[in-house]
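>>> give me a 3D structure for the following:
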Amino acid sequence: MIKMRRSVSGRAANTTANSNQSASASTSQRNTDDRLSVISGNLSNASTLTHDTLISAKSGGSLQLRKFKAGVGPVGAAREVRESVKNVIATPSSSIRSAELHLQFADSCRGSAAQRSAWFDRLAEAYNLDRWFAEAAVCYAHSAAIIAKELEEKGVMKIDWSVFNWISKEIIENERQNPKDPETVQQGGFTTENLTAKIEKTVRALNLAERFEAIGPLYRLLIPILERKNNFNSLISIYAELHQAYSRAAEIKVSGKRHLGTYFRVRFYGKKSFETDHDTDWVYREAGLTSLAEISLKLREQVKTAVGHDKVQVEPEYEFGMEFDPNVAYVQVTHVEPLLANGRSNKDFWTHTNVCEFVYESGIVEINNKLSSMRIRGSEPPVTKQALKRTILKVEGSFPATRRRLRVMSRREQIYSPLDFACQKLLGKAAQIRAILASSADGRQIDVKGLQLLLQGAIMPTVNAGPLVLAEAFTKEEEVQRYGQGKVAELREAFRTLMSSCDAGLRVNKTLIGPDQQMYHDVLMNSFDGMHERLQTFFKESLRSPTPPPVEERKSLTLPKTAINVLDSIGGVN
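Model (predicted):
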């Protein structure tokens with residue numbers, strides 16, 4: 001009886017497993033069919049495509065357009081397009097490739113406003129299904145610009161093209177006037193109702209993408225039309241939407257709790273595996289706080305599928321070696337950040353809007369007066385040998401875009417000498433302290449714990465060897481002779497800036513703490529005074545500020561993030 005129960009149980013388990021597999025396959029097929037229906041849409045109206053394009057999707061991911069077969073006709077063309085789309089969607093890595101497909105179709109339909117708009121709409125809906133809302137908003141905005149342009153030609157409205165700059169400057173460059181546009185464009189018969197519906201879809205996507213600042217400017221296209229028509233109910237709805245959007249934007253300005261994207265530089269290497277994509281660099285935009293490990297794992301699986309074999313090697317963060325196996329597909333992944341403009345933080349709306357330049361840093365070391373990549377095992381080299389290479393990438397186009405990845409078109413490098421790198425470390429720590437103090441100007445409460453950790457990392461006696469070792473190392477006679485008095489003076493002023501910021505931080509901390517933290521504050525003050533005395537022995541003058549410094553607004557120092565992280569590690573903050 002026991003054996004029978006086990007046998008029946010085993011059969012039941014197998015039946016359940018088979019049912020689950022069938023259900024999973026059925027669900028996967030339904031998802032593919034749903035996506036296909038969104039992307040393909042009503043392709044029976046795709047007669048304009050019979051003169052232009054069909055894709056040929058290669059396993060390596062390249063997409064090329066070719067002429068339709070003669071005599072295929074609208075229905076046959078629609079069938080070919082549908083099958084081509086289905087083939088691209090069938091692979092796990094198809095989201096990027098299918099986007100390329102849609103954009104090539106949209107580009108081939110510049111002679112038909114309705115068809116071009118339709119392809120952007122289908123791509124936007126596909127992005128919505130995958131929760132890429134920023135990209136969906138850009139696609140919908142392209143479609144809205146096409147409609148608005150036709151309405152302007154009919155004399156219905158006048159376009160303020162600058163409103164699209166809040167979503168993507170590429171919309172203006174591609175839709176306002178493009179050399180690829182034919183002399184005559186077949187109008188789509190659009191109405192103001194079509195424009196209203198499209199803007200509403202764009203606004204929904206912008207809300208989901210948390211790009212609230214762009215909603216107000218976009219509605220400026222529509223409000224004058226509704227005012228002329230005395231459409232007060234629609235105006236009420238729009239102004240209610242604006243109230244909610246600006247309220248959310250104000251909340252985010254105070255809380256700082258928004259992450260508009262994470263970016264990675266990806267290089268493909270392997271002529272045999274990647275063909276035309278061999279030795280090319282791209283910047284990928286990923287959602288929220290995607291980690292390097294996450295995207296590395298995802299890319300590994302996608303590349304395996306694309307190249308058709310398992311010999312895929314992902315190299316995070318550091319440079320490739322000199323020897324390559326031609327049978328291996330190499331992928332290098334490096335976290336990059338938008339190049340910050342003066343006065344902007346990494347969470348600022350404009351930092352992640354129309355961004356086309358990205359930066360990453362790598363440590364290098366001086367060996368026999370030559371710079372080389374820093375791959376130190378065990379102990380680190382002395383600070384007088386540690387330098388930094390800062391690489392700035394410029395992509396074709398800008399993010400957010402109709403694509404989730406953009407090709408790197410150029411790169412430039414900045415080398416920080418060991419002394420310059422030391423100055424940047426100190427200025428970076430000072431900037432962190434000032435940033436916390438300046439947060440009160442935005443209506444936020446000062447992060448007391450964060451402020452205390454920064455002060456502790458800079459001046460506490462158990463960890464202050466970090467900053468002080470820089471003063472000791474670069475004020476030695478051989479370093480003074482190497483860099484000259486002028487450069488050593490820059491280091492002194494960097495220390496003066498750090499100590500001034502610490503002074504301001506201590507004054508603020510004193511006003512915010514309770515009696516239970518008074519002893520801790522006294523320890524910080526004693527450490528601060530002791531550090532001043534040590535610095536005076538190195539630089540032969542006092543670095544104390546004659547008057548209490550004002551709490552300054554945060555300002556960008558075009559500072560390598562590595563500099564801040566290194567000092568945090570030394571100071572025990574990380």
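>>> what's the neighbour count on residue 193?
8 (other CB atoms under 10 Å). Where you see a C-beta, it was placed from the backbone N, CA and C, and this is true even at glycine.
>>> can you name the element that comes right after the helix or strand that contains it?
In this structure, residue 193 is located in helix 192-208 according to DSSP states H and E. Next helix or strand after helix 192-208 toward the C-terminus (DSSP H and E): helix 215-219.
>>> and residue 230, what are its phi and psi?
Torsion angles at residue 230 (phi, psi; degrees, to the nearest 10) stand at phi 50, psi 40.
>>> re earlier: now find how far off-centre the helix holding residue 193 is within its chain.
Relative to the mean C-alpha coordinate of its chain, helix 192-208 is positioned 24 Å out (CA atoms, centre = their mean, to the nearest Å).
>>> show me the helices in the stretch 301-450 of the chain, by range?
Listed in chain order, the helices found in the stretch 301-450 of the chain under DSSP state H, counting those that start in this stretch are 418-438, 448-459.
>>> just those helices: most buried one?
Each of these was scored by mean neighbour count; the highest is helix 418-438, a mean of 23, by mean count of other CB atoms under 10 Å.
>>> now that helix and helix 448-459, what's the angle there?
Calculated by axes from the mean of the first three to the mean of the last three CA atoms, to 10 degrees, helix 418-438 forms an angle of 150 degrees with helix 448-459.
>>> name the helices or strands packed onto the helix holding residue 193?
When contacts are defined as 3 or more CB pairs under 8 Å, 6 or more residues apart in numbering; DSSP states H and E, helix 192-208 sits against helix 113-129, helix 133-153, helix 215-219, helix 232-255.
>>> then stretch 187-200 to PDB, C-alphas only?
Taking Å, rounded to 0.1, in the frame of the first residue of the first chain, the C-alpha atoms of stretch 187-200 are listed here in PDB:
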ATOM      1  CA  GLN A 187      -1.300  63.900 -44.700                       C
ATOM      2  CA  GLY A 188      -3.000  61.600 -42.200                       C
ATOM      3  CA  GLY A 189      -6.200  63.500 -41.800                       C
ATOM      4  CA  PHE A 190      -5.400  64.300 -38.200                       C
ATOM      5  CA  THR A 191      -7.700  66.500 -36.000                       C
ATOM      6  CA  THR A 192      -7.300  68.300 -32.700                       C
ATOM      7  CA  GLU A 193      -9.000  65.300 -31.100                       C
ATOM      8  CA  ASN A 194      -6.200  63.000 -32.300                       C
ATOM      9  CA  LEU A 195      -3.600  65.500 -30.800                       C
ATOM     10  CA  THR A 196      -5.500  65.500 -27.500                       C
ATOM     11  CA  ALA A 197      -5.600  61.700 -27.300                       C
ATOM     12  CA  LYS A 198      -1.900  61.500 -28.200                       C
ATOM     13  CA  ILE A 199      -0.800  64.000 -25.600                       C
ATOM     14  CA  GLU A 200      -2.900  62.300 -23.000                       C
END
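>>> let me see the mean pLDDT of that stretch.
For stretch 187-200, the mean pLDDT works out to 95.
>>> check stretch 159-167 too.
96.
>>> quick one: buried residues of that stretch?
Judged by neighbour count (16 or more other CB atoms under 10 Å), stretch 159-167 contains these buried residues: 159, 161, 163, 164, 166, 167.
>>> in CSV: these, plus secondary structure.
What follows is the buried residues of stretch 159-167, written out as CSV (DSSP: H, G, I helix; E, B strand; the rest coil):
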residue, secondary structure
159, coil
161, helix
163, helix
164, helix
166, helix
167, coil
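>>> just the strands in this protein please.
54-57, 63-66, 262-269, 280-286, 312-316, 329-338, 355-367, 370-373, 386-399, 405-416 (DSSP state E).
>>> tell me which of these sits nearest to residue 194.
Closest to residue 194 of the strands of the chain, according to CB to CB: strand 386-399, at 26.9 Å.
>>> work out the sheet partners of that closest one and label each with its direction, please.
Using DSSP bridges, strand 386-399 pairs in its sheet with strand 355-367 (antiparallel), strand 405-416 (antiparallel).
>>> point out the most buried one among those strands.
By mean count of other CB under 10 Å, the strands paired with strand 386-399 have strand 355-367 as the most buried, with a mean of 19.
>>> want to throw the strands of the chain into CSV with mean pLDDT and distance to residue 323?
Listed next are the strands of the chain as CSV, based on pLDDT from 0 to 100; distance: least, CB to CB, whole Å:
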stretch, mean pLDDT, distance to residue 323
strand 54-57, 36, 33
strand 63-66, 42, 32
strand 262-269, 94, 12
strand 280-286, 95, 20
strand 312-316, 83, 12
strand 329-338, 93, 11
strand 355-367, 90, 20
strand 370-373, 68, 15
strand 386-399, 94, 22
strand 405-416, 95, 23
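>>> compare the helices and strands packed on helix 192-208 and give me the one nearest residue 100.
Of those, nearest to residue 100 by CB to CB is helix 113-129, at 10.1 Å.
>>> counting neighbours, what do you get for the residue nearest to residue 140 when sequence neighbours are not counted?
Sequence neighbours aside, residue 202 is the residue nearest to residue 140 in space, at 4.0 Å (criterion: CB to CB, 6 or more residues apart in numbering). When neighbours are counted by other CB under 10 Å, residue 202 registers 25.
>>> quick one, what contacts residue 271?
Contacts for residue 271 (CB atoms under 8 Å, 6 or more residues apart in numbering) come out as 278, 279, 326.
>>> actually residue 347, sorry about that
By CB under 8 Å, 6+ apart, the neighbours of residue 347 are 256, 258, 259, 260.
>>> what subset of those is buried?
258, 260.
>>> and the contacts of residue 347, which is closest to residue 101?
residue 260 (26.5 Å).
>>> ok, the closest one touching residue 350?
No. The pair residue 260 / residue 350 is not scored as a contact, 10.2 Å apart, by CB atoms under 8 Å.
>>> find me the pLDDT at residue 203, would you?
Predicted confidence (pLDDT) for residue 203: 98.
>>> likewise residue 541?
The per-residue pLDDT reported for residue 541 equals 89.
>>> neighbours of it, how many?
Residue 541 is flanked by 10 other residues according to other CB under 10 Å.
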